[in-house]
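Undergrad: let me see the structure of the following:
(chains A, B, C and D)
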Protein chains: 2
Amino acid sequence: MQVSLQALKAFESAARRGSFKLAAEELSLTPTAISHHISNLESRLNVNLFHRQGRRISLTGTGKRLAKATSEGFRKIDSVLEEVMKAGTAARVTTTSSLAAMVLIPAQHEFEQANPDISMEISTGESVDSQSYIIPIRFGDVSVAKDSDVIRYESFNVFGAYGMTPPSWSNEPITLFTTEWKNKSLPDPPLAAWLETNGLEGADIKLKKFDQELFGIQQAMAENGLVFCSTTLTTRLVKSNLLQQFETRPVKSDFCYYVPNKDSFETRSADRFLNWIEDILNQ
Amino acid sequence: MQVSLQALKAFESAARRGSFKLAAEELSLTPTAISHHISNLESRLNVNLFHRQGRRISLTGTGKRLAKATSEGFRKIDSVLEEVMKAGTAARVTTTSSLAAMVLIPAQHEFEQANPDISMEISTGESVDSQSYIIPIRFGDVSVAKDSDVIRYESFNVFGAYGMTPPSWSNEPITLFTTEWKNKSLPDPPLAAWLETNGLEGADIKLKKFDQELFGIQQAMAENGLVFCSTTLTTRLVKSNLLQQFETRPVKSDFCYYVPNKDSFETRSADRFLNWIEDILNQ
DNA sequence: ACGTATAGATGAGTTTAAATCATCTATACT
DNA sequence: AGTATAGATGATTTAAACTCATCTATACGT
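TA: The predicted structure is shown next:
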């Protein structure tokens, strides 16, 4: 390379600010350094870039020309650089409100403690997840996800508020909160399979449906009720004695949480987050 | 600055060429230097830019993104830089074919001897003189040129081929080559004023007109004739004994050679050329 | 008009970043 | 399997970048 890029950067700044002193401040250098850079540039190019009128400077025609190019060029580089840098120091996740509320948000602090150089940003809803560097965690049927993208295969079980007496399935009618997904292409939760696994086919069960698992769980806790829901969302609540399990066995489902193109996130923050969340979800 | 521009340049080259080795060749560095730069970049940004598959590398998604920005940014800077650099090492002049043929081209070698770091390019005719960094030397009326732009005020005289007998103005009819400019807004050469200055108002003179001074001069040399023309173009020919002056006195004219916005050429090559040509034209 | 404060220039000296060298690893090719 | 090639890694050297001390010119206040 003929001319040094740092000299060009110094020139660009001086041209934009109209002063070596201001350029020096901007680049955390001394005015002397800027002066050296620019005179070095001028002698290498055999061109005067600034008119010197004593202590006042102004761009020459050639200087203006070069300043335009360097400003635009560096600006283009800087803006993408900044974006990439952000991506390296923040994990931006978007997912269902249930996973966000029950798992991500409660564990957010823990993640940031373990990764002090990475901040975690959570968003839910129909946000633009095609935007670069946002990690979408989707809930769906295993058949639509690549194997390598799955971070949690979902099981279901019945949970109740902590301390409530276990229900007697055979003797009385039982109200069970469950989910009917807003997204109609998803199958219903595997209640029939669960009843069979636990030998409860004959039970008298009334279903009350919510469109998000989150609501059923909250309702169960609020009115000492029972909820048939995914184990992922309840693990933490069970551990912290806000929910309890009974003597029933969980049943596997066709649902899973997955991250589309999981391997395409090459920033360290995304890698760390993905390893961490997989650990969390699978104990 | 967080990240070094040289590291970005190394990355840009490696990304474009698809190989550290090729990037090293392009930048006249060792592959080790490229490797250091890129891993430095990656750790500063907390992002992987290349996949390493043993000795083969490929860009990550983030790498592609950054590569696009750096390539475009540096390309923009480089292209203007190259243009400016050319402007610093070459004086590109455009002027009338007469001045080019009689003055510039014969002296071109001399200029390049005196300024070995500057090459001189001469063009004539209707070329795009608005193109940046081309120095136009125009011939015209002093009233249309700024005083500071004038590099030569033009005088006129009569010249003849070297060795011919001086004409006897009063005794015989005399054929005189002269110029009628193609550009009709220019006045005719000051023949009447010249005749008066030399007390030859009564002479019997036949005019033969060319649309460029160059042709009249050549014709005079070829057929041992006489030409009434500008002193600028003939100085060199008189010195080298190809033309001769007689006992006549030159007459000032309203013509001049000038360079529009002479002070706006801030490249060293242009400055040196302009000083040189002014010297040449005024002895 | 004069004195002072400020911006930049210049040259020598110092510091830090960048490049190389030597060595090692993994993989592609014969 | 053996060799040649691309890249990684760590120590060392080199050169570029930066600062400091000093100087000049000019803008500004009184």
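Undergrad: let me see the contact set for A:Lys76.
TA: Contact criterion C-beta atoms under 8 Å, 6 or more residues apart in numbering or on different chains gives B:Ala69, B:Glu72, B:Gly73, B:Lys76 as the residues in contact with A:Lys76. Bear in mind the C-beta positions are built from the backbone N, C-alpha and C, glycine included.
Undergrad: which strand or helix spans it?
TA: Using DSSP states H and E, the secondary-structure element containing A:Lys76 is helix A:61-89.
Undergrad: now do the helix or strand following that helix, average pLDDT.
TA: Sequence-wise, the next helix or strand beyond helix A:61-89 is strand A:90-95, with elements assigned using DSSP H and E. The predicted model assigns strand A:90-95 a mean pLDDT of 89.
Undergrad: same question, stretch A:227-246
TA: Mean predicted confidence for stretch A:227-246 is 92.
Undergrad: how about that stretch, which residues are buried there?
TA: Of the residues in stretch A:227-246, those buried by neighbour count under the rule 16 or more other C-beta atoms under 10 Å in any protein chain shown are A:Val227, A:Phe228, A:Cys229, A:Ser230, A:Thr231, A:Thr232, A:Leu233, A:Thr234, A:Thr235, A:Leu237, A:Leu243.
Undergrad: touching it from outside, list them.
TA: The set of residues external to stretch A:227-246 that reach it, using C-beta under 8 Å, 6+ apart, is A:98-99, A:102-103, A:106-107, A:152, A:154-164, A:166-167, A:176-179, A:189, A:191, A:194, A:213-214, A:216-217, A:219-221, A:250, A:253, A:255, A:257, A:281, A:283.
Undergrad: pretty sure A:Ile277 contacts A:Ile137?
TA: Yes - A:Ile277 lies in contact with A:Ile137 (C-beta atoms under 8 Å); the separation is 7.3 Å.
Undergrad: between the two, which contacts overlap?
TA: Taking C-beta under 8 Å, 6+ apart as the contact definition, A:Ile277 and A:Ile137 share the neighbouring residues A:Ile151.
Undergrad: okay, and the beta partners of the spatially most central residue of chain A?
TA: The geometric centre of chain A, computed from its C-alpha atoms, lies nearest to A:Val93 (C-alpha atoms, centre = their mean), at 1.7 Å. Under DSSP bridges, the beta-bridge partners of A:Val93 are A:Ile122, A:Ile135.
Undergrad: gap between it and A:Ile122?
TA: Going from A:Val93 to A:Ile122 by C-beta to C-beta, to the nearest Å gives 5 Å.
Undergrad: quick check: neighbours shared by the two?
TA: A:Leu104.
Undergrad: burial count for A:Ser119?
TA: Here the count is done by other C-beta atoms under 10 Å in any protein chain shown, and A:Ser119 has 15 residues near it.
Undergrad: please disregard the earlier target; I meant A:Ile217.
TA: 27.
Undergrad: one more: A:Tyr258?
TA: Around A:Tyr258 sit 24 other residues, with neighbours defined as other C-beta under 10 Å.
Undergrad: all strands for the stretch 101-250 of chain A, in order.
TA: Counting by DSSP state E, counting those that start in this stretch, one finds strands in the stretch 101-250 of chain A at the ranges A:119-124, A:134-141, A:150-161, A:174-179, A:205-210, A:226-230, A:243-245.
Undergrad: okay, these, which one's buried deepest?
TA: Each of these was assessed for mean neighbour count using mean count of other C-beta atoms under 10 Å in any protein chain shown. The highest is strand A:226-230, with a mean of 25.
Undergrad: CA atoms of that one as CSV?
TA: Output for strand A:226-230, consisting of C-alpha atoms alone and laid out as CSV, is shown next (Å, rounded to 0.1, in the frame of the first residue of the first chain):
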residue,chain,number,x,y,z
LEU,A,226,-54.6,-28.3,37.3
VAL,A,227,-52.9,-27.7,34.1
PHE,A,228,-51.8,-30.1,31.3
CYS,A,229,-48.8,-28.4,29.8
SER,A,230,-45.3,-28.7,28.6
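Undergrad: can you state the direction angle for it and strand A:174-179?
TA: On the basis of axes from the mean of the first three to the mean of the last three C-alpha atoms, to 10 degrees, strand A:226-230 is oriented at 30 degrees to strand A:174-179.
Undergrad: next, the angle from strand A:226-230 to strand A:134-141.
TA: Using the same axes, to 10 degrees: strand A:226-230 against strand A:134-141 is 120 degrees.
Undergrad: any regions of the stretch 51-200 of chain A where pLDDT drops low?
TA: Low-confidence segments of the stretch 51-200 of chain A, defined by pLDDT under 70, span residues A:126-132.
Undergrad: and it, which residues reach DNA strand D?
TA: Residues of the stretch 51-200 of chain A lying close to DNA strand D by C-beta under 7 Å from any atom of the strand are A:Gln53, A:Gly54, A:Arg55, A:Arg56.
Undergrad: top of those residues by neighbour count?
TA: Neighbour-wise, these (other C-beta under 10 Å) top out at A:Arg56, 10 neighbours.
Undergrad: beta-bridge partners for that residue, please?
TA: Taking DSSP bridges as the rule, A:Arg56 bridges to A:Gln53.
Undergrad: list the contacts of A:Ile77.
TA: A:Ile77 makes contacts with B:Leu8, B:Ala69, B:Thr70, B:Gly73, B:Phe74, as judged by C-beta under 8 Å, 6+ apart.
Undergrad: nearest spatial neighbour of it, chain-adjacent residues omitted?
TA: Using C-beta to C-beta, 6 or more residues apart in numbering or on different chains and skipping residues adjacent in sequence, the residue nearest A:Ile77 is B:Gly73, 3.9 Å away.
Undergrad: ok, A:Asn261 next?
TA: The shortest distance from A:Asn261 to any residue that is not its chain neighbour, by C-beta to C-beta, 6+ apart, is 6.9 Å, and that residue is A:Asp149.
Undergrad: do you know how far the one you found is from A:Ile137?
TA: Distance check for A:Asp149 against A:Ile137: by C-beta to C-beta, it reads 10 Å.
Undergrad: also A:Val93?
TA: Distance, A:Val93 to A:Ile137, using C-beta to C-beta: 6 Å.
Undergrad: contact residues of the stretch 1-150 of chain A facing chain B?
TA: If contacts are counted using C-beta under 8 Å from any C-beta of the partner chain, the residues of the stretch 1-150 of chain A sitting beside chain B are A:1-3, A:5-6, A:8-9, A:27, A:45-48, A:51, A:60-63, A:65-66, A:68-70, A:72-77, A:79-81, A:83-85, A:87-89, A:117, A:132.
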